[in-house]
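**Student:** Turn this into a structure:
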Amino acid sequence: MNDKGKIVFGLIVFLVIVTFPLWYGLVTAGTVSPPDVELPASEKNCVENKEYMVAHHMDLLDQWRDAVVRKGRINYTSRTYGKTYEMSLTKTCMKCHNNREKFCDRCHTYADVDPYCWDCHLEPEEVK
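**Tutor:** Here you go, the predicted structure:
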């Protein structure tokens, strides 16, 4: 029995099916630039510099959660600016970034992530 042709054909079909998402993504992908994240005009800086916040804000929020809930600490001193902030999503972060749809959701949709912040926290009402 000589099934060499069938085996090669089967391997080719398998490789095409397995690599299809890669090829499809390369062919159909456009260039999408990330949303521009800006502070409100009334603020000079965030709790850390912009580059750090864009890359590590979720790590910072997780650290804040653990410090507040598990250790009872409520203050955070910025490594960049040396200023002390209250570790609070709603009182500190949402004070400046008060429009969830315009600020949070835009970036999270771009990054295709579904944060669980609002499972516990109440979303502040937008300031009119």
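
**Student:** Now do the phi/psi pair for the most centrally placed residue in the chain.
**Tutor:** The centroid of the chain falls nearest to residue 108 when counting by Cα atoms, centre = their mean (5.1 Å). Backbone torsions for residue 108, taken as degrees, to the nearest 10, come to phi -70, psi -30.

**Student:** And for residue 75?
**Tutor:** The phi/psi pair for residue 75 (degrees, to the nearest 10) reads phi -110, psi 140.

**Student:** from now on call the first residue 388
**Tutor:** Yes, from this point I'll number from 388; that puts the last item at residue 462.

**Student:** Just the strands from the chain, written as ranges.
**Tutor:** Taking DSSP state E, the strands of the chain run over residues 462-464, 471-473.

**Student:** so where is the protein shaky, pLDDT-wise?
**Tutor:** By pLDDT under 70, the weakly predicted segments of the chain are 388, 510-515.
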